[in-house]
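J.: take this sequence and fold it.
(chains A and B)
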Amino acid sequence: MKKRVTSYAAVLYVMLMILSFCCFAPAVCAAGDDAADEPQITTAVASADQSELELTEVSRKRNSGGGRFIVFGFIAAPLAAGVFALITINGYKNNGKTEPYPFTSKAPLELTEKNDFLINTEVTKRKLNNNSNNN
Amino acid sequence: MDAISYECINCGGPLQFNAEKGAFFCEYCRGTFTEKDIEEHWAKENAKADAQHVEEKEPDPQSDDFFGNAALYECSTCGAEVIADKNTAATFCIYCHNPVVLTNRLAGEYKPNKVIPFKISEKEAKQRFTDFCKKKKFLPKDFLSSAQLDMMKGVYYPYWLVNTDKTGGIKATCKKKRRWTEGDYEYEEIKTFDVRRRGIIHFKGYPHTALKSDDNLKALKYVNPYNDEEFRPFTMPYLTGFLAEKRDVDRKDVQSEVDEELKGYARKVYESSIDGYDSVTVNDMDLQTINEDWEYGLMPVWFMNFKYNGKDYIYAMNGQTGKNFGELPLDKTKLALATAGLFIGILVFCIIGGIIL
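T.: Residues are numbered from 1 along each chain as shown, chains lettered A, B, ... in the order given. Predicted structure coming up:
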């Protein structure tokens, strides 16, 4: 019974992922396409109303940002869920696996020789890429 | 085989070592006795019991192989015949549930040098286990039942304890890095050192399990360390109320394994004496033994074996410090639902955020 429930949960999980992707991927692509089709640099149109032009430009940029946020969700959601599952499984497996012999306190060292010989010195330099634009 | 149940001096009820009180306790008359009280009483009783000691019964040569690895003994309280595994040194009679110590199992070369008595009582061990499990949200629903908790047993496990002085050293190549900027250039200086450390390491009480093959060996390793200051000279009464195993490996059987483990620790000790460098690469190490002394001790462990979905799980707790080790069963359905919930939650949040933007 439990095995059946577990397998149903797994199937439901996979179906949700596929369904989410299929529902929202076209909207994401459309938003992306809208942003890609329109030119980023506006050309001055002598007869157009300047403010109307600015509003159109802002709305295009907004659609592009929103689309990216949705795409980020499709990447972050399975990543976060996978990491959460792995951390949980690991936490149930390796409880208490710490150093069994505290050698720092139980194995004191009586040093009889301590030598550090400098054998080589190497200096390298590289030119920094300065930003020469003065905007 | 001599099977002894330590009886209360006052009323004759079964005595057990009480971890909370650190003394021997009778549940019937609530009397508390020290180790000295028990020894004096039993010194007199043993003189009388010599003529009445219980012989170990010879196993039937026609019987199964199992009997070749076990022994029969007669419970001194109820007279029942009980089989004990070849390594068992203390147990409970399955009929009258009185604690029984099989004295011959821990005699001669198998007599431990020292023992750390249980400091954590059964009640506290179960409470600690329950508290430990409460933090785990994906345990099976019926996992913390009282029947499950009753499976926890206090066991004295045998360990070899090695005290040794080793001399040696390491040679390492170490690097120091420094970066700075001048004008349009970034400079990096790397200094390479040939580092040598030599010295004597005094290993104290290095523990190694003294059981040949046991599924619980990993757990027995990771419940360490114990506090050496609480070791006491071994006497039989400490085992009453608990199970105990005698060792089945000799020193020579584990000598090479212990040497390899100590070599690994020696390397860590020498490396820890090198500091102030950005990278350390050990090129060579040598180690020789100056002197070595092995002792055999019994250490307390609270143990639980359980099965879930056909898989065996082990949980062990240090009976002195409470340090625990073990694998717990995971309810995969709960985990799958939680993961799916997290996935949907993040996705919905990002979609709504994307639409608003």
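
J.: specify the local secondary structure of residue A:119.
T.: For residue A:119, the secondary structure call by DSSP: H, G, I helix; E, B strand; the rest coil comes out as strand.

J.: show me where pLDDT drops low in the chain?
T.: Here I'm looking at chain A. Along chain A, segments meeting pLDDT under 70 span A:1-64, A:94-97, A:130-135.

J.: should've been chain B
T.: For chain B, the ranges with pLDDT under 70 are B:1-5, B:42-70, B:213-215.

J.: what residue is smack in the middle of it?
T.: By CA atoms, centre = their mean, chain B has its centre lying nearest to residue B:220, at 3.8 Å.

J.: quick check, it in a helix?
T.: Yes. Assigned with three-state DSSP, residue B:220 falls within a helix.

J.: in contact with whatever residue of chain A ends up closest to chain B, which residues are there?
T.: In chain A, the residue that lies nearest chain B is residue A:73 (2.4 Å; CB to the nearest CB). All C-beta spots, glycine's among them, are computed from the backbone N, C-alpha and C. Residues in contact with residue A:73, defined by CB atoms under 8 Å, 6 or more residues apart in numbering or on different chains, are B:346, B:347, B:349, B:350, B:351, B:353, B:354.

J.: likewise for residue B:190?
T.: By CB under 8 Å, 6+ apart, the residues touching residue B:190 are A:121, A:122, A:123, A:124, B:175, B:176, B:177.

J.: now stretch B:92-109: buried residues?
T.: Within stretch B:92-109, the residues that qualify as buried by neighbour count (16 or more other CB atoms under 10 Å in any protein chain shown) are B:92, B:93, B:98, B:99, B:100, B:101, B:102, B:103, B:104, B:105, B:106.

J.: residue B:239 versus the first one, what's the distance?
T.: Spelled out, that is residue B:92. For residue B:92, the distance to residue B:239 equals 11 Å [CB to CB, to the nearest Å].

J.: hey, what's in contact with both of those two?
T.: Listed contacts common to residue B:92 and residue B:239 are residue B:99; contacts here mean CB under 8 Å, 6+ apart.

J.: helices along the stretch 101-250 of chain B, start to end?
T.: Using DSSP state H, counting those that start in this stretch, the helices of the stretch 101-250 of chain B run over B:122-134, B:146-149, B:217-222.

J.: mind checking which of those is nearest residue B:308?
T.: For these, proximity to residue B:308 was assessed by CB to CB; helix B:146-149 is nearest, at 9.9 Å.

J.: the contacts of residue A:73 in helices, which ones?
T.: Per DSSP state H, helices hold the following members of the contacts of residue A:73: B:346, B:347, B:349, B:350, B:351, B:353, B:354.

J.: return the residues in contact with the last one.
T.: The one in question is residue B:354. Taking CB under 8 Å, 6+ apart, one finds A:31, A:66, A:67, A:68, A:69, A:70, A:73 in contact with residue B:354.

J.: among those residues, which are located in helices?
T.: Residues of the contacts of residue B:354 located in helices (DSSP H): A:31, A:66, A:67, A:68, A:69, A:70, A:73.

J.: now do the contacts for the residue of chain B found nearest chain A.
T.: Using CB to the nearest CB, the closest approach of chain B to chain A is made by residue B:350 at 2.4 Å. Shown in contact with residue B:350 (CB under 8 Å, 6+ apart): A:69, A:70, A:72, A:73, A:74, A:76, A:77.

J.: grab the nearest non-local neighbour of it.
T.: Using CB to CB, 6 or more residues apart in numbering or on different chains and skipping the chain neighbours, the partner closest in space to residue B:350 is residue A:73 (2.4 Å).

J.: could you report the distance from that neighbour to residue B:349?
T.: Going from residue A:73 to residue B:349 by CB to CB gives 7 Å.

J.: did I read that right, residue B:260 in a helix?
T.: Yes. Assigned with three-state DSSP, residue B:260 falls within a helix.

J.: so what's the residue count around it?
T.: Here the number of neighbours of residue B:260 (other CB atoms under 10 Å in any protein chain shown) works out to 9.

J.: also the one 3 residues further on?
T.: Around residue B:263 sit 14 other residues, with neighbours defined as other CB under 10 Å.

J.: thought it was touching residue B:288?
T.: No. Using CB atoms under 8 Å, residue B:263 is not in contact with residue B:288; the gap is 10.9 Å.

J.: got the buried residues of stretch B:92-109 as a markdown table, with distance to residue B:184 columns?
T.: Output for the buried residues of stretch B:92-109, formatted as a markdown table (distance: CB to CB, whole Å):
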| residue | distance to residue B:184 |
| --- | --- |
| B:92 | 82 |
| B:93 | 87 |
| B:98 | 87 |
| B:99 | 82 |
| B:100 | 85 |
| B:101 | 82 |
| B:102 | 83 |
| B:103 | 85 |
| B:104 | 85 |
| B:105 | 80 |
| B:106 | 79 |
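
J.: among these, which are in strands?
T.: Secondary structure assignment by DSSP state E places B:92, B:99, B:100, B:101, B:102 of these in strands.

J.: isn't the fourth one up against residue B:89?
T.: Looking back up the chat, that one is residue B:101. Yes. Using CB under 8 Å, residue B:101 is in contact with residue B:89, at 7.1 Å.

J.: any shared contact partners between these two?
T.: Shared contacts of residue B:101 and residue B:89 (CB under 8 Å, 6+ apart): B:239, B:244.

J.: and the furthest pair within the contacts of residue B:190?
T.: Farthest pair in the contacts of residue B:190 (CB to CB) is A:124 and B:176. Separation: 14.4 Å.

J.: just to revisit the earlier point, closest to residue B:244 among the ones in strands among the buried residues of stretch B:92-109?
T.: Of all these, residue B:244 sits closest to residue B:101, with 7.7 Å by CB to CB.

J.: who does the closest one bridge with?
T.: Going by DSSP bridges, residue B:101 is paired in beta bridges with residue B:4, residue B:90.

J.: ok, residue B:276 - how many residues close by?
T.: By the criterion of other CB under 10 Å, residue B:276 has 8 neighbours.

J.: assumed it was part of a strand.
T.: No. Using three-state DSSP, the assignment for residue B:276 is coil, not a strand.

J.: residues contacting it?
T.: residue B:176.

J.: one more pass at 10 Å, please.
T.: A:116, B:174, B:176, B:193 (CB atoms under 10 Å, 6 or more residues apart in numbering or on different chains).

J.: stretch B:309-328: how far from the chain's middle?
T.: 10 Å (CA atoms, centre = their mean, to the nearest Å).

J.: and it, end to end?
T.: 12 Å (CA to CA, to the nearest Å).

J.: and that stretch, what's buried?
T.: The neighbour-count check on stretch B:309-328 (16+ other CB under 10 Å) flags B:314-321, B:323-328 as buried.
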